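structure for the following, please:
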Amino acid sequence: MKNSVFIFLCLLCMLSVSAVAQTPQDRSQIVKDFISGEEIRLYEAYRIPGKHGWYIKKHSPQACRMYKNWYDDYQEKYQTLQQRLLERYLKESDQVKKHKHASRFVPKCNPWGCKAPVLSEFGLVEVRDWDGKRVYRHYECAEMERLRVKDAQMLHEMGITHDFCKDVFESMDKEKQGEEEEETNIVIRERDVVPAPQPSLVAASPAKPAQEMQASFKDTQKKLERFSYEHRSELQKIRRIFAANGREDVALLSPKQREIYEQFQQHWTALQLAQQ
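Next up is the predicted model:
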C-alpha cells in the first residue's frame, strides 16, 4: 500500500512540474520523431534521455516500440531481484530461527506485506529517513521499488498504456520469435558448410547518390545512430552469430538480418565518405 501511494505521489509531482514548466514556445516549437522522421510539436514529443535533440511522438506506435525494449529489460531485472530477495529472505529467516532472542533487535523490511529481517551479512542494506524514523530495507526491495517508479514514469511521459500498445507488443513478440526460429534454422543448416569467400560488403555496396555523399558528416552520423538505435536488438543478434561462428559471413544470417546488416554497412560507408 505504501509503495502504491509513493508511486502516485511521484506521478502527481511530475504532472505539477510539467504543467508549470511548459511555455508558449513549447506549444509551437517543431521537432522530428527520431524513428519516423515525422515533424511534431514539442509538447507532443517525449525526449529520449541522454540524447540531445532525439524525440519520440507520444501516444504513438513508435513510443510503444521504444517502451517495449525497456519493459523487456525491466521484467528481466525485476525477476532477478525477486529471486535474489527470496533466496536472501530464506537465509535471513534461518539465521533468525537460530538466534530468536537477538532477532528482536534486528531491523525489519517489509516485502510481500510481512515483516522480514534485514541482515547486512546476506547482502546490501539501504538506510534512509522516513517521517523522522530511520528505515532499513533490503537493497533488492529498494531497487524493485525504483524500477516500478521508473516504469510508471515512462508510461506517463510517453502518454501510453499497456492496453494502447497491446497490438504493437504482440507484433514485436511475434517478430522476435520468428527471428529466433530463423536464426536456429540458419545455424543448423550452415553449421558444417564452408561457404565461398564473400566480397567485402563495403566494396559491394551500391554507390550512393552524389547529393547523399555530399551530406554533412553530422547529418550522416545522426542517420547511422538512428538506424543503429532502431535496430539495436537485431544488430546485437547479428554480432552474436558472427562471434559464435568465428567469421563475419552474411550466409549465416536470415534474409531479414542480411537486409538490416547490408543497410547498416551502407550507412557506415556513407559516414566514411562524409569524412573525406
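
confirm residue 40 sits in a strand?
Yes. Assessed by DSSP: H, G, I helix; E, B strand; the rest coil, residue 40 belongs to a strand.

residues in contact with it?
By CB atoms under 8 Å, 6 or more residues apart in numbering, residue 40 lies in contact with 30-33, 55, 57. (C-beta placed from N, C-alpha, C; glycine too.)

of those residues, just the buried ones, ChimeraX syntax please.
Selecting only the buried entries of the contacts of residue 40 in ChimeraX, with 16 or more other CB atoms under 10 Å as the criterion:
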select :31,32,33,55,57
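
in a markdown table: the contacts of residue 40, plus distance to residue 135, secondary structure and pLDDT.
Formatted as a markdown table, those follow (distance: CB to CB, whole Å; DSSP: H, G, I helix; E, B strand; the rest coil; pLDDT from 0 to 100):
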| residue | distance to residue 135 | secondary structure | pLDDT |
| --- | --- | --- | --- |
| 30 | 47 | strand | 88 |
| 31 | 42 | strand | 89 |
| 32 | 45 | strand | 87 |
| 33 | 43 | strand | 84 |
| 55 | 38 | strand | 90 |
| 57 | 40 | strand | 92 |
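
now, which of the contacts of residue 40 sits nearest residue 109?
residue 55 (39.8 Å; CB to CB).

hmm, the closest one is touching residue 41, no?
No. Using CB atoms under 8 Å, residue 55 makes no contact with residue 41, being 10.2 Å away.

so what sits against both of those two?
By CB under 8 Å, 6+ apart, residue 55 and residue 41 have these common neighbours: residue 31.

related to what we said a few turns ago, can you list the contacts of residue 40 in JSON lines and add distance to residue 143?
As requested, the contacts of residue 40 are exported to JSON lines (distance: CB to CB, whole Å):
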{"residue": "30", "distance to residue 143": "39"}
{"residue": "31", "distance to residue 143": "33"}
{"residue": "32", "distance to residue 143": "35"}
{"residue": "33", "distance to residue 143": "32"}
{"residue": "55", "distance to residue 143": "29"}
{"residue": "57", "distance to residue 143": "31"}
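
now for the contacts of residue 40: which two are most distant?
Across the contacts of residue 40 (CB to CB), the longest gap, 12.1 Å, separates 30 and 57.

can you tell me which residue is spatially central in this structure?
Central residue of the chain (CA atoms, centre = their mean): residue 70, 3.0 Å from the mean position.

following the host helix or strand of that residue, which helix or strand shows up next?
Using DSSP states H and E, residue 70 falls within helix 61-98. Per DSSP H and E, helix 61-98 leads on to strand 108-109 as the next helix or strand towards the C-terminus.

I'd like the mean pLDDT over that next one, please.
Strand 108-109 shows a mean pLDDT of 79.

that strand pairs with which strands, parallel or anti?
strand 116-117 (antiparallel) (DSSP bridges).

so what touches the strand it pairs with?
Contacting residues not belonging to strand 116-117 are listed as 89, 92-93, 95-96, 103, 106-110, 138 [CB under 8 Å, 6+ apart].

out of these, which are buried?
89, 92, 95-96, 103, 109, 138.

what is the most widely separated pair among the contacts of strand 116-117?
Maximum pairwise distance in the contacts of strand 116-117, criterion CB to CB, is 18.1 Å, between 95 and 110.

in a helix, residue 262, correct?
Yes. Applying three-state DSSP, one finds residue 262 inside a helix.
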